[in-house]
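**Q** 3D, please:
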Amino acid sequence: MLLSQSLKQIIPSPILLWHQTTVHQKNIYSTKSGAYVSNNDEISQAISNLSAQAKQKENQLSSLNSRLYAEKQQQQVNTVPDSNSAPAIAAARASKVALSGSSGYCARYVRKALQSAGYEFTPNPSAYQYATRGTLDKAGFSKISNDMPTQVGDVIVYDRSSKRPHGHIQIFDGENWISDFRQNSISPYSGVYAYTTWRDSKYVDDASASDRNIYLAMNDK
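**A** Residues are numbered from 1 along each chain as shown. Got it, this is the predicted structure:
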(Lines give C-alpha, C1' and ligand atoms only; values in the text may rest on other atoms or scores of the structure.)
Protein backbone atom coordinates (compact mmCIF):
# COMPACT_ATOMS: atom_id res chain seq x y z
CA MET A 1 0.00 0.00 0.00
CA LEU A 2 1.30 3.45 -0.83
CA LEU A 3 2.24 5.67 2.06
CA SER A 4 -0.26 8.30 0.97
CA GLN A 5 -3.00 5.71 0.98
CA SER A 6 -2.01 4.48 4.44
CA LEU A 7 -1.99 7.99 5.78
CA LYS A 8 -5.42 8.70 4.36
CA GLN A 9 -6.81 5.65 6.17
CA ILE A 10 -5.28 6.51 9.48
CA ILE A 11 -5.49 10.31 9.44
CA PRO A 12 -8.73 11.82 8.11
CA SER A 13 -7.02 14.97 6.88
CA PRO A 14 -3.45 15.61 5.70
CA ILE A 15 -1.16 15.97 8.67
CA LEU A 16 1.47 17.92 6.83
CA LEU A 17 0.29 21.32 5.77
CA TRP A 18 3.31 22.61 3.97
CA HIS A 19 3.79 26.30 3.50
CA GLN A 20 7.02 27.98 2.68
CA THR A 21 8.32 31.24 4.10
CA THR A 22 11.66 32.91 3.88
CA VAL A 23 13.46 33.62 7.11
CA HIS A 24 17.07 34.58 6.65
CA GLN A 25 16.94 32.72 3.34
CA LYS A 26 16.10 29.41 5.04
CA ASN A 27 13.11 27.25 4.15
CA ILE A 28 10.78 26.85 7.15
CA TYR A 29 7.95 24.30 7.04
CA SER A 30 5.22 23.85 9.63
CA THR A 31 3.07 20.82 10.34
CA LYS A 32 -0.52 20.76 11.49
CA SER A 33 0.63 19.71 14.95
CA GLY A 34 2.72 22.87 15.21
CA ALA A 35 6.13 21.23 14.81
CA TYR A 36 8.66 22.95 12.58
CA VAL A 37 11.26 21.46 10.29
CA SER A 38 13.83 23.49 8.41
CA ASN A 39 15.81 21.12 6.21
CA ASN A 40 15.51 18.02 4.11
CA ASP A 41 16.81 15.70 6.83
CA GLU A 42 14.11 16.84 9.22
CA ILE A 43 11.48 16.51 6.50
CA SER A 44 12.65 12.96 5.79
CA GLN A 45 12.53 12.15 9.49
CA ALA A 46 8.98 13.49 9.77
CA ILE A 47 7.87 11.35 6.83
CA SER A 48 9.65 8.34 8.34
CA ASN A 49 7.79 8.86 11.61
CA LEU A 50 4.49 9.00 9.78
CA SER A 51 5.36 5.83 7.90
CA ALA A 52 6.10 4.04 11.16
CA GLN A 53 2.77 5.15 12.60
CA ALA A 54 0.99 3.92 9.49
CA LYS A 55 2.73 0.54 9.74
CA GLN A 56 1.73 0.25 13.39
CA LYS A 57 -1.92 0.90 12.49
CA GLU A 58 -1.74 -1.72 9.73
CA ASN A 59 -0.37 -4.28 12.19
CA GLN A 60 -3.13 -3.50 14.67
CA LEU A 61 -5.75 -3.90 11.95
CA SER A 62 -4.25 -7.20 10.84
CA SER A 63 -4.31 -8.47 14.43
CA LEU A 64 -7.96 -7.51 14.82
CA ASN A 65 -8.86 -9.24 11.56
CA SER A 66 -7.14 -12.41 12.74
CA ARG A 67 -9.04 -12.36 16.02
CA LEU A 68 -12.36 -11.81 14.27
CA TYR A 69 -11.66 -14.71 11.90
CA ALA A 70 -10.78 -17.03 14.80
CA GLU A 71 -13.93 -16.05 16.68
CA LYS A 72 -16.04 -16.65 13.57
CA GLN A 73 -14.51 -20.09 13.09
CA GLN A 74 -15.22 -20.97 16.72
CA GLN A 75 -18.78 -19.72 16.36
CA GLN A 76 -19.29 -21.96 13.34
CA VAL A 77 -18.01 -24.96 15.33
CA ASN A 78 -20.48 -24.16 18.11
CA THR A 79 -23.41 -24.11 15.69
CA VAL A 80 -22.92 -27.73 14.56
CA PRO A 81 -24.64 -30.25 16.88
CA ASP A 82 -22.46 -33.03 18.27
CA SER A 83 -23.66 -36.58 18.92
CA ASN A 84 -24.71 -35.73 22.48
CA SER A 85 -26.80 -32.72 21.51
CA ALA A 86 -30.60 -32.72 21.58
CA PRO A 87 -30.95 -32.41 17.78
CA ALA A 88 -28.64 -35.40 17.22
CA ILE A 89 -30.37 -37.50 19.88
CA ALA A 90 -33.79 -36.81 18.38
CA ALA A 91 -32.56 -37.64 14.89
CA ALA A 92 -30.92 -40.88 16.07
CA ARG A 93 -34.13 -41.96 17.81
CA ALA A 94 -36.18 -41.27 14.67
CA SER A 95 -33.70 -43.18 12.53
CA LYS A 96 -33.64 -46.15 14.92
CA VAL A 97 -37.41 -46.74 14.89
CA ALA A 98 -38.06 -45.77 11.26
CA LEU A 99 -40.28 -48.13 9.31
CA SER A 100 -39.63 -49.44 5.83
CA GLY A 101 -42.67 -47.62 4.49
CA SER A 102 -45.20 -45.00 5.49
CA SER A 103 -47.74 -45.84 8.18
CA GLY A 104 -49.43 -42.45 8.05
CA TYR A 105 -48.24 -41.53 11.56
CA CYS A 106 -45.33 -39.17 10.81
CA ALA A 107 -46.44 -36.69 13.51
CA ARG A 108 -46.42 -39.39 16.18
CA TYR A 109 -42.99 -40.74 15.26
CA VAL A 110 -41.27 -37.36 15.00
CA ARG A 111 -43.00 -36.11 18.15
CA LYS A 112 -41.69 -39.10 20.15
CA ALA A 113 -38.20 -38.59 18.73
CA LEU A 114 -38.18 -34.94 19.77
CA GLN A 115 -39.53 -35.69 23.22
CA SER A 116 -36.91 -38.40 23.76
CA ALA A 117 -34.26 -35.71 23.32
CA GLY A 118 -35.81 -33.49 25.98
CA TYR A 119 -37.89 -31.09 23.90
CA GLU A 120 -41.05 -30.15 25.76
CA PHE A 121 -44.31 -29.28 24.01
CA THR A 122 -47.97 -30.22 23.75
CA PRO A 123 -48.54 -32.84 21.03
CA ASN A 124 -50.66 -31.94 18.02
CA PRO A 125 -53.01 -34.27 16.16
CA SER A 126 -51.78 -33.14 12.74
CA ALA A 127 -48.24 -32.75 11.42
CA TYR A 128 -48.73 -29.27 9.90
CA GLN A 129 -49.82 -27.87 13.28
CA TYR A 130 -46.29 -28.18 14.65
CA ALA A 131 -45.53 -25.14 12.53
CA THR A 132 -48.84 -23.26 12.46
CA ARG A 133 -49.54 -23.52 16.21
CA GLY A 134 -46.05 -22.39 17.17
CA THR A 135 -45.25 -25.74 18.76
CA LEU A 136 -41.72 -25.99 17.40
CA ASP A 137 -41.08 -22.35 18.19
CA LYS A 138 -42.11 -22.86 21.84
CA ALA A 139 -40.02 -26.03 22.00
CA GLY A 140 -36.90 -24.00 21.18
CA PHE A 141 -36.71 -24.14 17.40
CA SER A 142 -36.27 -21.26 14.96
CA LYS A 143 -37.61 -21.07 11.45
CA ILE A 144 -34.75 -20.80 8.95
CA SER A 145 -34.51 -20.37 5.20
CA ASN A 146 -35.23 -23.50 3.18
CA ASP A 147 -32.08 -22.65 1.21
CA MET A 148 -29.72 -23.03 4.17
CA PRO A 149 -27.47 -26.12 4.23
CA THR A 150 -29.15 -28.95 6.15
CA GLN A 151 -27.68 -30.26 9.38
CA VAL A 152 -28.57 -33.08 11.77
CA GLY A 153 -31.73 -32.46 13.78
CA ASP A 154 -33.35 -30.04 11.34
CA VAL A 155 -37.11 -30.46 11.08
CA ILE A 156 -39.28 -29.82 8.02
CA VAL A 157 -43.03 -29.33 8.23
CA TYR A 158 -45.11 -29.55 5.06
CA ASP A 159 -48.29 -27.50 4.77
CA ARG A 160 -51.59 -29.30 4.55
CA SER A 161 -53.43 -29.56 1.25
CA SER A 162 -56.73 -30.89 -0.04
CA LYS A 163 -55.05 -34.22 -0.81
CA ARG A 164 -53.01 -34.29 2.42
CA PRO A 165 -55.10 -32.56 5.13
CA HIS A 166 -52.65 -33.40 7.93
CA GLY A 167 -49.51 -32.20 6.19
CA HIS A 168 -46.23 -33.94 6.94
CA ILE A 169 -43.30 -33.66 9.36
CA GLN A 170 -39.78 -35.12 9.17
CA ILE A 171 -36.34 -34.83 10.77
CA PHE A 172 -32.86 -35.07 9.25
CA ASP A 173 -30.50 -37.69 10.71
CA GLY A 174 -27.39 -36.48 8.92
CA GLU A 175 -27.93 -38.64 5.85
CA ASN A 176 -31.65 -39.09 5.28
CA TRP A 177 -34.96 -37.45 6.08
CA ILE A 178 -36.92 -39.54 8.59
CA SER A 179 -40.62 -39.31 9.40
CA ASP A 180 -42.33 -42.57 10.36
CA PHE A 181 -40.15 -44.14 7.66
CA ARG A 182 -36.79 -43.53 5.98
CA GLN A 183 -37.45 -41.32 2.97
CA ASN A 184 -35.59 -41.46 -0.33
CA SER A 185 -35.55 -37.67 -0.68
CA ILE A 186 -36.44 -34.46 1.08
CA SER A 187 -40.03 -34.74 -0.13
CA PRO A 188 -42.22 -37.80 0.45
CA TYR A 189 -44.54 -36.55 -2.27
CA SER A 190 -44.39 -36.78 -6.02
CA GLY A 191 -45.62 -33.22 -6.44
CA VAL A 192 -44.38 -29.87 -5.14
CA TYR A 193 -45.65 -28.76 -1.74
CA ALA A 194 -44.83 -25.78 0.45
CA TYR A 195 -42.88 -26.37 3.64
CA THR A 196 -40.93 -24.64 6.40
CA THR A 197 -37.59 -25.64 7.89
CA TRP A 198 -36.86 -25.49 11.62
CA ARG A 199 -33.63 -25.72 13.62
CA ASP A 200 -32.84 -25.82 17.33
CA SER A 201 -32.24 -22.15 18.18
CA LYS A 202 -29.03 -23.01 20.04
CA TYR A 203 -27.48 -23.95 16.70
CA VAL A 204 -28.54 -20.90 14.73
CA ASP A 205 -25.64 -18.42 14.67
CA ASP A 206 -26.08 -14.62 14.56
CA ALA A 207 -25.37 -14.43 10.86
CA SER A 208 -27.90 -17.12 10.09
CA ALA A 209 -30.46 -15.43 12.31
CA SER A 210 -29.93 -12.18 10.46
CA ASP A 211 -30.28 -13.91 7.10
CA ARG A 212 -33.34 -15.72 8.40
CA ASN A 213 -35.06 -12.52 9.51
CA ILE A 214 -34.40 -10.85 6.16
CA TYR A 215 -35.61 -13.91 4.29
CA LEU A 216 -38.80 -14.21 6.35
CA ALA A 217 -39.52 -10.49 6.11
CA MET A 218 -39.24 -10.66 2.33
CA ASN A 219 -41.56 -13.67 2.18
CA ASP A 220 -44.14 -11.99 4.42
CA LYS A 221 -44.63 -9.19 1.89
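
**Q** would you enumerate the residues in contact with Arg111?
**A** Contacts here follow C-beta atoms under 8 Å, 6 or more residues apart in numbering; on that basis Arg111 touches 123-124, 130. C-beta here means a position set from N, CA and C on the backbone, and glycine is covered the same way.

**Q** can you add pLDDT, secondary structure and neighbour count and give the residues you listed back as a markdown table?
**A** As requested, the contacts of Arg111 are exported to a markdown table (pLDDT from 0 to 100; DSSP: H, G, I helix; E, B strand; the rest coil; neighbours: other C-beta atoms under 10 Å):
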| residue | pLDDT | secondary structure | neighbour count |
| --- | --- | --- | --- |
| Pro123 | 97 | coil | 13 |
| Asn124 | 97 | coil | 17 |
| Tyr130 | 98 | helix | 26 |
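
**Q** which one of those is nearest to Lys57?
**A** Among these, Tyr130 lies closest to Lys57 (C-beta to C-beta), at 53.3 Å.

**Q** mind showing which ranges of this protein have poor pLDDT?
**A** 1-39, 68-79, 206-221 (pLDDT under 70).

**Q** rerun that using 90 as the cut-off
**A** The chain contains residues with pLDDT under 90 at 1-83, 163, 188-193, 205-221.

**Q** what segments of the protein are helices?
**A** For the chain, the helices defined by DSSP state H cover 3-10, 40-78, 86-97, 106-116, 129-132, 135-139, 206-220.

**Q** what comes into contact with the shortest one?
**A** Spelled out, it's helix 129-132. 107, 110-111, 124, 135-136, 143, 155, 157, 159, 167, 169, 196, 198.

**Q** please repeat the previous calculation with a cut-off of 7 Å.
**A** Contacts with helix 129-132, where a contact means C-beta atoms under 7 Å, 6 or more residues apart in numbering, come from 124, 135-136, 157, 169, 196.

**Q** that older thread, and of the contacts of Arg111, the nearest to Ala90?
**A** So of the contacts of Arg111, ranked by how close each gets to Ala90 (C-beta to C-beta), first place is Tyr130, at 13.0 Å.

**Q** any idea how far the closest one is from Arg160?
**A** 12 Å (C-beta to C-beta, to the nearest Å).

**Q** and what of Pro123?
**A** 17 Å.

**Q** now swap in Arg133 and tell me
**A** According to C-beta to C-beta, Arg133 stands 12 Å off from Arg160.

**Q** the more surrounded of the two?
**A** Higher neighbour count among Arg133 and Arg160: Arg160, with 18 against 14, using other C-beta atoms under 10 Å.

**Q** for the residue nearest to Ser185 when sequence neighbours are not counted, list each beta-bridge partner.
**A** Excluding the flanking residues, the one nearest Ser185 by C-beta to C-beta, 6 or more residues apart in numbering is Trp177, at 7.3 Å. With DSSP bridges applied, Trp177 shows beta-bridge pairing to Phe172.

**Q** and Trp177, how many residues sit next to it?
**A** The number of residues packed near Trp177 is 22, by other C-beta under 10 Å.

**Q** could you do the one 4 residues further on as well?
**A** Neighbouring residues of Phe181 were enumerated by other C-beta under 10 Å; the total is 20.

**Q** tell me what it is bridged to.
**A** Under the criterion used (DSSP bridges), Phe181 bridges to Leu99.

**Q** these two touch, right, it and Gly101?
**A** Yes. Between Phe181 and Gly101 there is a contact under C-beta atoms under 7 Å: 5.4 Å.

**Q** for Ser103, give its distance to Asp180.
**A** Applying C-beta to C-beta, the value for Ser103 to Asp180 is 5 Å.
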